[in-house]
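**Student:** The following comprises the amino acid sequence and a computationally predicted model.
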There are 2 protein chains.
Amino acid sequence: MAPNDGLSRLVSRTQPRYRTAAEFVETTLREAILTGVIAPGTPLRQEELADTFGVSRMPVREALRQLEARALAEFHPHRGAVVAEISAADGADIGAIRMALEPMALRLSLPALTAADLDQAEELIAEMDGEADPGRMGELNRRFHMTLYARAGRPRLLALAEQHLLAADRYLRFQFAALGYLPRSQDEHRALLAACREGDADTACRLVAEHVGQAAEQLAAFLSAREAG
Amino acid sequence: MAPNDGLSRLVSRTQPRYRTAAEFVETTLREAILTGVIAPGTPLRQEELADTFGVSRMPVREALRQLEARALAEFHPHRGAVVAEISAADGADIGAIRMALEPMALRLSLPALTAADLDQAEELIAEMDGEADPGRMGELNRRFHMTLYARAGRPRLLALAEQHLLAADRYLRFQFAALGYLPRSQDEHRALLAACREGDADTACRLVAEHVGQAAEQLAAFLSAREAG
DNA sequence: TGTCAGGATATTGGATCCAATCTATCACCG
DNA sequence: CGGTGATAGATTGGATCCAATATCCTGACA
């Protein structure tokens, strides 16, 4: 039960009552994959998961299919599913998608941002300053970005953006040697927030694109270095 | 069997041998939903689908879960799934996402486009001129766009872009009163292609964004009019 | 007559069982 | 000694069966 230890802990501290077992399994598994509790390449054995979750194999199968559709698991017929791998090419894809989506989200959201939104974003920057834990760091960063996009009034666009923010986090979690990225990232956050406060949409969009691009470049460099070595 | 007539036809002319029944059902159902063979809001009864496909309910359930993850079906616990509805808000979301993704895809692809690619795009424009069938029209339009993006070297970005092109097509299929959109759209196609031939990335990206925006605006107007009346 | 309670029915959700297929091991042969 | 083929085990894919839940209809009562 060693490889499932982290997952078991996630399962056991499950508070909310899900309406179906499949939903429970899917949500928990997705969380586990995105937060790195289950490493890329790990086989997802149906019976093993069924035992861990205390259900039969069927809801597990439904959950795995959903994860496949979200590109978080890879299916090989009659051989089972594994947690989706992380490649340098995928990292570049995620970066490009973020660079496309997030400026659009910000441009739509910016005119509708309230003072409270901007204050909350500033709060999140401050919290990040004192944060050491990578996992929590990723969450704060994600919330900062999503706070700025929240007023876009385009739920599907936001969901897609958040999904790729989470995917980027997942990549970062397996890196995060590059802690040196932090200070510069925080400077970029502050500059971005300032542009938002001034309502300067063009500058803000440019800044967020550059900011995301920075992260993507670092990530791509790290991943291709890892693949080479 | 009246409401399944179109689906039955799709099922019966299935040539390729799928590796699993679930894959077969998912692919065929997705095609049917995206091409409008099954209308939005249609209930997806598991047993009925199982009969239509000649399989048991289980692969159908797995397929439905995948469609749910792709936002093509909506699940209501213990009440079943229905084909995802089409709302004006969703149309606006799709449009915004396309406006974000496609200029990015074009910018990455443009420097690597070959003369053959550009010729094929021109060929597709010509084919569209003489096309009356809406379904085929949508396919040609999609291929034109994807041809221009194909050299981006970002498979996940391209898959996401194509997915939303398909979604937009799905919306258009339920409209397409607006056949008047055609000539202007073709002019935009030609202008876009010209910019690509000249290698003018900035102009090309601006044109594709405007072009997609045009389509999105028309769609949104149509949908909100339909919702109002 | 309208509303609410209760039961019948249909449909989904979950468990178990069987079949298909892949993997690994081992014997056998060149 | 290395490679190939067969066989056993493990694991998934698919079908059937049972339980849980929602819907709908009916009927009693205010």
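**Tutor:** Yep, it's here.

**Student:** Please count neighbours and contacts with C-alpha atoms only from this point.
**Tutor:** Will do.

**Student:** For the residue of chain A positioned farthest from its centre, give its distance to A:R45.
**Tutor:** When distances to the mean C-alpha position of chain A are computed (C-alpha atoms, centre = their mean), the maximum falls on A:H78, with 29.8 Å. Distance, A:H78 to A:R45, using C-alpha to C-alpha, to the nearest Å: 12 Å.

**Student:** Only C-alpha atoms, please: export the lowest-mean-pLDDT helix or strand in chain A in CSV.
**Tutor:** Using mean pLDDT, DSSP states H and E, the weakest-scoring helix or strand in chain A turns out to be helix A:5-12, at a mean of 79. Extracted in CSV, the C-alpha atoms of helix A:5-12 (Å, rounded to 0.1, in the frame of the first residue of the first chain):
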residue,chain,number,x,y,z
ASP,A,5,-0.4,6.2,0.9
GLY,A,6,-1.0,9.8,-0.2
LEU,A,7,-4.1,8.9,-2.0
SER,A,8,-5.5,7.0,1.0
ARG,A,9,-5.0,10.0,3.1
LEU,A,10,-6.9,12.1,0.5
VAL,A,11,-9.7,9.6,0.5
SER,A,12,-10.0,9.3,4.2
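
**Student:** is DNA strand C contacted by the helix or strand encompassing A:E74?
**Tutor:** Here A:E74 sits within strand A:73-76, counting by DSSP states H and E. No: Strand A:73-76 stays clear of DNA strand C (C-alpha under 7 Å from any atom of the strand), getting no nearer than 8.1 Å.

**Student:** From A:G213, how far off is A:R206?
**Tutor:** Between A:R206 and A:G213 the distance is 10 Å, computed by C-alpha to C-alpha.

**Student:** Which one's more surrounded, the two?
**Tutor:** A count of neighbours by other C-alpha atoms under 10 Å in any protein chain shown puts A:G213 above the other of A:R206 and A:G213, at 17 against 13.

**Student:** how about the strands of chain A, start to end?
**Tutor:** A:43-44, A:73-76, A:80-83 (DSSP state E).

**Student:** and those strands, which is most packed in?
**Tutor:** Of all the strands of chain A, strand A:80-83 carries the top mean neighbour count, a mean of 20, counting by mean count of other C-alpha atoms under 10 Å in any protein chain shown.

**Student:** if I pick A:R98, what's in contact with it?
**Tutor:** Going by C-alpha atoms under 8 Å, 6 or more residues apart in numbering or on different chains, A:R98 touches A:161, A:164-165, A:212.

**Student:** can you redo those as JSON lines with pLDDT and neighbour count?
**Tutor:** Converted to JSON lines, the contacts of A:R98 look like this (pLDDT from 0 to 100; neighbours: other C-alpha atoms under 10 Å in any protein chain shown):
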{"residue": "A:A161", "pLDDT": "98", "neighbour count": "24"}
{"residue": "A:H164", "pLDDT": "95", "neighbour count": "19"}
{"residue": "A:L165", "pLDDT": "94", "neighbour count": "25"}
{"residue": "A:V212", "pLDDT": "93", "neighbour count": "22"}
